[in-house]
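In: sharing a model prediction with you, sequence too.
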Amino acid sequence: MRVAAVGIGGAGGRIVERLWQDNKRRDTTYLGAACAIDTDTEALDELDALPDDRRYTFGLSETNGTGTNGDRTTGTAAIEDERLEVRRALDQLVTSDIDAILLVAGLAGGTGSGTTAHIAAALREIYTIPVYCLSVLPAGRDNGAATNTLQALRALEATVDGQILFDNDVWLGSGQTGRGSHRDAERDRCDAAGCVIRSW
């Protein structure tokens, strides 16, 4: 099975970049295509493995390219303004050898939470292949992140064919928040595991 992976927002982009790097090292590939889309141009610039033409900024009129600052409403407005443009950008990923589309997003932030279900719905309007989502749940007890995540999960349930949930809290371990003295150690663990998820 070969998938087209789309990283949405900061966490999604970092994970897809790691998948891209892993895929290139394998004899038998599982990624037919990959890209990252974000409202934060700086976050996209930090992705040095994905080619430039596989990194897309959207929502400039809403965010000025600086991201949503955790505001789900801003993320939703950004994708509503540019839904067709984003869909056209993703069209080039889906070729005849692609069996499914995998959206990858952290649901705590405004971009991942506010846009992923809209992108899934836009893709399902034109493709008959399944659309799945790797949904990254936040670590910690931040109320805003929890609200974003709950609303995003509800929206995604109605728009994707299935979700794979990655629980950052469980991964970090009991009693750890990802902050303070554990920050570098947890980043190293995440890098070693092949996924970069910034929960601090």
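Out: Nice, thanks for sending it over. Residues are numbered from 1 along each chain as shown.
In: alpha carbons only for contacts and neighbour counts from here, please
Out: OK.
In: so which residues of the chain form strands?
Out: Assigned by DSSP state E, the strands in the chain fall at 3-8, 31-38, 55-57, 100-106, 131-137, 162-167.
In: the second one pairs with which strands, parallel or anti?
Out: Looking back up the chat, that one is strand 31-38. Here the strand partners of strand 31-38, with direction, are listed using DSSP bridges: strand 3-8 (parallel), strand 55-57 (parallel).
In: could you export the strands of the chain as JSON lines, including distance to Q92?
Out: Listed next are the strands of the chain as JSON lines, based on distance: least, CA to CA, whole Å:
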{"stretch": "strand 3-8", "distance to Q92": "10"}
{"stretch": "strand 31-38", "distance to Q92": "9"}
{"stretch": "strand 55-57", "distance to Q92": "13"}
{"stretch": "strand 100-106", "distance to Q92": "12"}
{"stretch": "strand 131-137", "distance to Q92": "16"}
{"stretch": "strand 162-167", "distance to Q92": "23"}
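In: follow-up on the earlier one: just name the most buried of the strands paired with strand 31-38.
Out: Stretch with highest mean neighbour count among those: strand 3-8 (a mean of 27; mean count of other CA atoms under 10 Å).
In: what does it contact?
Out: With contacts defined as CA atoms under 8 Å, 6 or more residues apart in numbering, strand 3-8 is touched by 12-16, 30-38, 93-94, 98-106, 111-112, 116.
In: what angle separates it from strand 131-137?
Out: Between the axis of strand 3-8 and that of strand 131-137 there is an angle of 40 degrees, by axes from the mean of the first three to the mean of the last three CA atoms, to 10 degrees.
In: low pLDDT regions in the chain?
Out: Scanning the chain with the threshold set as pLDDT under 70 gives 171-200.
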